[in-house]
Every structure is written in structure tokens, then in C-alpha cells.
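A.B. asks: fold the stuff below for me.
(chains A, B and C)
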Amino acid sequence: MNDPLSEPSVYLRIQGIVRQIPAGRVSTYGQVAQLAGGCTARMVGYAMASLPEGTDVPWQRVINARGRISPHGMGYGSILQRQLLEEEGVRFSPDGVIDRNLFFWP
DNA sequence: CGGCTGACTCTGG
DNA sequence: TCCAGAGCCAGCC
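C.D. replies: The predicted model follows:
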């Protein structure tokens, strides 16, 4: 049942993976890409960029491999992302880095 | 069908 | 640690 190729498109497949991320946790683009299968970290980022504003996909829980938020949305999108994560209980280091052992998923 | 765009990751210096 | 370049691919016009 879990035939990834059964999904209509790569982007929708990626969105499905992101929805599986529980609140209070985060994941990386590369991780989501591997879970989706057949796609790369870039595809995940591009898929997130194409998400609508009222999407039900927790795009905020997806960050880069460094455990940090990548600048996007003219720089303000990343700020919003950080606020949303803090609302869910995710802690950031003074440098804006998330502890991989505490919040990274899976 | 061609060209442009984009929220990444890796390696070398 | 930071910076620059290369690799990579699905959407959209």
C-alpha cells in the first residue's frame, strides 16, 4: 500500500511525508527526501516553496541538514518558521540550531 | 518542447 | 567557521 510511485506526483508525496512529522519534532530536507524515495533534498525544498499559505502541511518542521532554518520568503518566512516551532516546544540554540538528539525525527 | 526558478547538500579552500 | 562552485530535478510559462 505504501507504493510511493502510486502517488500522483513527487511534490504530493513529499507533502505526505511532512504531514507524518509529529508536533514538537523536526526533520531535514534530506531525511524527508529519503522517506519519500526517488527524490532529493532539493525537491523537498522546492515542494515546500510551492505550498500555499493555508496548507495543512507542517512545512515549518522541515529544516536543513545543519539543524537550522534556511532563509526564505524574503527572510521573513524563516522567522515565522522559527516562531511556529517554538510554539510547538522546539528549543533553539543561541545560534539558532536545533538539537538533533532531542527534536529531530524520526 | 525549451528555458527559468528554487526553503538543499557536499566538497574544497 | 565561512564562502563559492557543482550536482540535481520537478513545476510552471
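A.B. asks: can you give me the strands in chain A?
C.D. replies: Remark: strands assigned in chain A by DSSP state E are A:27-28, A:62-63.
A.B. asks: take those strands and write them to a markdown table, including mean neighbour count and distance to DNA strand C.
C.D. replies: From N, CA and C alone the C-beta is placed, and that goes for glycine too. Shown next, in a markdown table, are the strands of chain A (neighbours: other Cβ atoms under 10 Å; distance: least, Cβ to the nearest atom of the strand, whole Å):
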| stretch | mean neighbour count | distance to DNA strand C |
| --- | --- | --- |
| strand A:27-28 | 20 | 13 |
| strand A:62-63 | 24 | 15 |
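A.B. asks: could I get those as CSV with distance to DNA strand B and mean pLDDT?
C.D. replies: Formatted as CSV, those follow (distance: least, Cβ to the nearest atom of the strand, whole Å; pLDDT from 0 to 100):
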stretch, distance to DNA strand B, mean pLDDT
strand A:27-28, 4, 96
strand A:62-63, 6, 96
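A.B. asks: between the ones you listed, which one is nearest to A:R100?
C.D. replies: Closest to A:R100 of the strands of chain A is strand A:27-28 (Cβ to Cβ; 8.9 Å).
A.B. asks: what lines up beside the closest one in the sheet?
C.D. replies: Sheet pairing of strand A:27-28 (DSSP bridges) gives strand A:62-63 (parallel).
A.B. asks: how far does the strand it pairs with sit from the chain's center?
C.D. replies: How far strand A:62-63 lies from its chain's middle: 3 Å, per Cα atoms, centre = their mean, to the nearest Å.
A.B. asks: next one: stretch A:88-106
C.D. replies: The answer for stretch A:88-106 is 13 Å, by Cα atoms, centre = their mean.
A.B. asks: please identify the buried residues of that stretch?
C.D. replies: Buried residues in stretch A:88-106, counted by 16 or more other Cβ atoms under 10 Å: A:V90, A:F92, A:I98, A:F103.
A.B. asks: the top helix by length along chain A - what's its average pLDDT?
C.D. replies: Ranked by residue count under DSSP state H, the longest helix found in chain A is helix A:76-87. Taken as a whole, helix A:76-87 has a mean pLDDT of 93.
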